[in-house]
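*Asks:* 3D model of this:
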Amino acid sequence: MLARPGAETTELGTGRASAKLILFGEHVVLYGRPAISLPVPSLPVTARARRCEGPVVIESASLDVGGRATAPARSTGTAVPRLAVTAVCEHLGRPDDGLFVTVDSGIPAGRGFGSSAASSAAIIEAVAALEGRKLDGDTMFELVQRAESLAHGKASGVDARTVISAGGPLWFRDGAATPLPVAAGSVLPVLLVADTGVYGSTREAVATVRAALEALGKFGETLLERAGAITAAAAVDLATGRFAELGPKMIAAHAILARLGVSCPEIETLIDAALEAEALGAKLSGGGLGGCVIALAADHEAAIRVRDALLAAGAVRCHTVEFLSAGGGSV
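*Replies:* So this is what the prediction gives:
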């Protein structure tokens, strides 16, 4: 057990957030096209903040902060949690020191689950709570987005909006997020999330797509328009209960992402396995170059079959996500 900093107080501020998934619109959302995302409360992160003497200390067994990390306040090379502390301290007008923050995250990093945005949100809420402040949704978004942009370069805002949302799908465009209706029915599809086990760098993926679009010229613009149309049509499918129609759209959306260079052999292997197991559709989710694959199963019985195929094909683990509650678990 690591020694704690001296003169730590017992006063505590707590913050919570959850993972996110992108159903449609990865990368193209950075170019003005829409995206559809889901919060995943079954993968939570909790942060606790106390006052202490000396520089900021962040301790976590689950985040990439080196176990326990201290860092200069304005160093963009440090982990996202440190950037989140700076953002909220500046907003609150308090010194950017004298804090001991612990982070407990159940979100795998670099897998497209928005782990950095969720940890930022939890930390920002915890530090604000310690100062007796409750931040509104827009302020939370702005502060999380500030940390995300410093860490990853250009950030769409999808992660920042989704990890602090109450639940259910969100329609995202031009920085604004609105709840997306989902038709209730006797049988809802099941979304499986298969972890490739490969760490995906968002910054690298964003740069890869930018280079691909520049190289493709006018055809790149065509791909962006096609991706936007797929997302818009998927929103209609969700609202009208045409869930089976989502499958082909997932396949088409993934083909565009692969053309933009953010797929990889591990992703393709899992997608092939899911489709061979009769998933309605499958695609990468998040930045790509690793991370996760999402597959849509018609019902829970089909989900078990697809889950087994994904694990047999090399998935490290599988999660399930419900469309209406955005809850989840293991099949």
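*Asks:* make it CA atoms for all contacts and neighbour counts henceforth
*Replies:* OK.
*Asks:* Show me where the stretch 101-250 of the chain dips below the pLDDT cut-off.
*Replies:* Residues of the stretch 101-250 of the chain meeting the criterion pLDDT under 70: 151-155, 185-186.
*Asks:* What segments of it are helices?
*Replies:* 115-130, 137-152, 158-162, 202-216, 218-240, 246-259 (DSSP state H, counting those that start in this stretch).
*Asks:* could the ones you listed be laid out in a markdown table, adding mean neighbour count and distance to Glu322?
*Replies:* Converted to a markdown table, the helices of the stretch 101-250 of the chain look like this (neighbours: other CA atoms under 10 Å; distance: least, CA to CA, whole Å):
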| stretch | mean neighbour count | distance to Glu322 |
| --- | --- | --- |
| helix 115-130 | 28 | 19 |
| helix 137-152 | 20 | 24 |
| helix 158-162 | 29 | 15 |
| helix 202-216 | 17 | 25 |
| helix 218-240 | 18 | 13 |
| helix 246-259 | 21 | 15 |
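*Asks:* Closest to the centroid, which residue in this structure?
*Replies:* Centrality entry for the chain: nearest residue to the mean C-alpha point is Gly114, 2.4 Å, by CA atoms, centre = their mean.
*Asks:* That one and Ala19 touch, don't they?
*Replies:* Yes - counting by CA atoms under 8 Å, Gly114 does reach Ala19; the two are 5.7 Å apart.
*Asks:* quick revisit: would a markdown table of the helices of the stretch 101-250 of the chain with distance to Glu53 be doable?
*Replies:* Shown next, in a markdown table, are the helices of the stretch 101-250 of the chain (distance: least, CA to CA, whole Å):
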| stretch | distance to Glu53 |
| --- | --- |
| helix 115-130 | 15 |
| helix 137-152 | 24 |
| helix 158-162 | 30 |
| helix 202-216 | 34 |
| helix 218-240 | 50 |
| helix 246-259 | 48 |
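*Asks:* So for Thr178, which of those helices sits nearest?
*Replies:* Thr178 sits nearest to helix 158-162 of all the helices of the stretch 101-250 of the chain, at 9.7 Å, using CA to CA.
*Asks:* Summarise which helices and strands that closest one is packed against.
*Replies:* strand 35-51, helix 115-130, helix 137-152 (3 or more CA pairs under 8 Å, 6 or more residues apart in numbering; DSSP states H and E).
*Asks:* ok, the longest one: who's next to it in the sheet?
*Replies:* I take that to be strand 35-51. In the sheet, strand 35-51 lines up against strand 13-24 (antiparallel), strand 99-105 (antiparallel), strand 170-173 (antiparallel) (DSSP bridges).
*Asks:* relative to helix 115-130, how tilted is the second one?
*Replies:* The one in question is strand 99-105. 140 degrees (axes from the mean of the first three to the mean of the last three CA atoms, to 10 degrees).
*Asks:* can you dump the C-alpha coordinates of strand 99-105 into CSV?
*Replies:* This file holds the C-alpha atoms of strand 99-105, laid out as CSV (Å, rounded to 0.1, in the frame of the first residue of the first chain):
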residue,chain,number,x,y,z
LEU,A,99,-5.3,17.7,-3.4
PHE,A,100,-5.2,14.0,-3.0
VAL,A,101,-7.4,12.2,-5.6
THR,A,102,-8.1,8.5,-5.7
VAL,A,103,-9.7,7.0,-8.8
ASP,A,104,-11.4,3.6,-9.0
SER,A,105,-12.3,2.7,-12.6
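*Asks:* Determine how far that strand lies from the middle of the whole chain.
*Replies:* 19 Å (CA atoms, centre = their mean, to the nearest Å).
*Asks:* In contact with Ala234: list those residues for me.
*Replies:* Ala234 sits next to 245-246, 249 when contact means CA atoms under 8 Å, 6 or more residues apart in numbering.
*Asks:* could I get the residues you listed as a markdown table with distance to Asp237?
*Replies:* Output for the contacts of Ala234, formatted as a markdown table (distance: CA to CA, whole Å):
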| residue | distance to Asp237 |
| --- | --- |
| Glu245 | 7 |
| Leu246 | 7 |
| Lys249 | 10 |
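*Asks:* coming back round to it: shared neighbours of Gly114 and Ala19, which are they?
*Replies:* In contact with both Gly114 and Ala19: Val163, using CA under 8 Å, 6+ apart.
*Asks:* hmm, back to that, the residue nearest to the centre of the chain and Gly132: what is the separation?
*Replies:* 27 Å (CA to CA, to the nearest Å).
*Asks:* Do I have it right that Lys20 meets Ser42?
*Replies:* No - using CA under 8 Å, Lys20 is not in contact with Ser42, being 10.1 Å away.
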